[in-house]
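> Quick one, structure for this:
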Amino acid sequence: MRNVLIGIILGMANVIPGVSAGTMAVIFKIYDQLLDSISLDINKIKKNFKFLVEIGVGVVVGILVFARIITFLYENFSMQTSFVFMGVIVGSIPMIYKKVSHEGKIKPTGIVLFAIPLAFMVYMSLSGEGTENAIIIRELDLMSGLWLGVAGAVAAFSMIIPGISGSFMLLTLGVYTTILTAVSELNIMIIMPVGIGVLVGLIGGSKLVRVLMKNYTQATYLVILGLVVGSIFAIYPGFTIGFEGISSIVCMILATGVSFYFAEK
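The predicted model follows:
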């Protein structure tokens, strides 16, 4: 039951841009076992099969339930929801920076590793790439199927890494609303290519993540930090003066406090 409940939390984290499922796995002390379980090694799969099933059931439940909630919030409180996500991201930044500084003094090359993904995210924001999230794909063709598969793989690889959000990567790639709507409506034709991409990203990415975290810890977290800081610009929905704007700021402040509290736990 504990593993199922943890899986539900991981599933919910996968739905919220800015919330890292990898971080949640670290907090609940299952990250190493989860990373070790995700492979093509039959012996490892057999060893961790019960654990994977329990976590997997929870993840599915968390995604299905929370996808409907987030869809409702986006449809009815779009600005407030976006500002909550921004607050969650802002509150998690000190935790990621601590991981960077824990590895020693940041060298000039490290600053470059931080600046490049940050510049990429700012460019994505200024070029309006994120507006694709307003377009919901409900019918599949070859190109959209391939793109959804690639997005699923990138998101899966991202969510393995503590501190970075897989759903945020979907938001950045412009398919977050499409996938969220597909899950909410149980649109299997849209979910299938994403699911295939997720499997590829998880299996292929788990080994790479182990290598990066072991041999290039600070560099990896600096890239993550650049992506996370830049994601604030990508999510920013604009601002209007009035009740909507004021309530959005309040939501962001509250979300920042909650995120910072749990990141420091």
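
> use CA for all of it now, contacts and neighbours both
Fine.

> can you tell me which residues contact residue 103?
By Cα atoms under 8 Å, 6 or more residues apart in numbering, the contact set of residue 103 is 217, 218.

> For it, give its distance to residue 222.
The spacing between residue 103 and residue 222, counted by Cα to Cα, to the nearest Å, is 11 Å.

> now residue 197
Plainly put, residue 197 is 26 Å away from residue 222 if you go by Cα to Cα.

> Distance from the helix or strand of the chain with the lowest mean pLDDT to the middle of the chain?
Sorting the helices and strands of the chain by mean pLDDT, DSSP states H and E puts helix 21-27 at the bottom, at a mean of 74. Remark: helix 21-27 is offset 11 Å from the chain centroid, using Cα atoms, centre = their mean, to the nearest Å.

> what's it packed up against?
Contact analysis of helix 21-27 by 3 or more Cα pairs under 8 Å, 6 or more residues apart in numbering; DSSP states H and E lists helix 2-15, helix 31-37, helix 142-160 as its packing neighbours.

> Just the element for residue 95, please.
Residue 95 is part of helix 78-102, with elements assigned from DSSP states H and E.

> how far is that helix from where the chain is centred?
For helix 78-102, the distance from its own C-alpha centre to the chain's C-alpha centre is 12 Å (Cα atoms, centre = their mean).

> What are the buried residues along it?
Neighbour counts over helix 78-102 (16 or more other Cα atoms under 10 Å) mark 78-93, 95-97, 99-100 as buried.

> nearest to residue 68, of the helices and strands packed on helix 21-27?
Across the helices and strands packed on helix 21-27, the minimum distance to residue 68, taken as Cα to Cα, is reached by helix 2-15, at 10.0 Å.

> tilt between that closest one and helix 142-160?
120 degrees (axes from the mean of the first three to the mean of the last three Cα atoms, to 10 degrees).

> Mind listing what's buried along helix 2-15?
For helix 2-15, the buried set under the neighbour-count rule, 16+ other Cα under 10 Å, comprises 3-15.

> could you dump those to JSON lines with distance to residue 207 and pLDDT?
Below are these laid out as JSON lines (distance: Cα to Cα, whole Å; pLDDT from 0 to 100):
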{"residue": "3", "distance to residue 207": "23", "pLDDT": "88"}
{"residue": "4", "distance to residue 207": "25", "pLDDT": "90"}
{"residue": "5", "distance to residue 207": "26", "pLDDT": "87"}
{"residue": "6", "distance to residue 207": "23", "pLDDT": "87"}
{"residue": "7", "distance to residue 207": "21", "pLDDT": "87"}
{"residue": "8", "distance to residue 207": "24", "pLDDT": "88"}
{"residue": "9", "distance to residue 207": "24", "pLDDT": "82"}
{"residue": "10", "distance to residue 207": "20", "pLDDT": "86"}
{"residue": "11", "distance to residue 207": "22", "pLDDT": "86"}
{"residue": "12", "distance to residue 207": "24", "pLDDT": "82"}
{"residue": "13", "distance to residue 207": "22", "pLDDT": "78"}
{"residue": "14", "distance to residue 207": "20", "pLDDT": "80"}
{"residue": "15", "distance to residue 207": "24", "pLDDT": "81"}
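
> Closest one of those residues to residue 61?
Closest approach to residue 61 among those (Cα to Cα): residue 8, at 6.0 Å.

> Any figure for the gap between the closest one and residue 22?
As for residue 8, its distance to residue 22 is 13 Å (criterion: Cα to Cα).

> The spatially closest residue to residue 100 that is not a sequence neighbour: what's it in contact with?
If the residues on either side of it in the chain are set aside, residue 100 comes closest to residue 218, at 5.2 Å by Cα to Cα, 6 or more residues apart in numbering. Taking Cα under 8 Å, 6+ apart, we find residue 218 in contact with 99, 100, 101, 103, 110.

> Next one: the fourth one relative to residue 204, how far apart?
Between residue 103 and residue 204 the distance, using Cα to Cα, works out to 26 Å.
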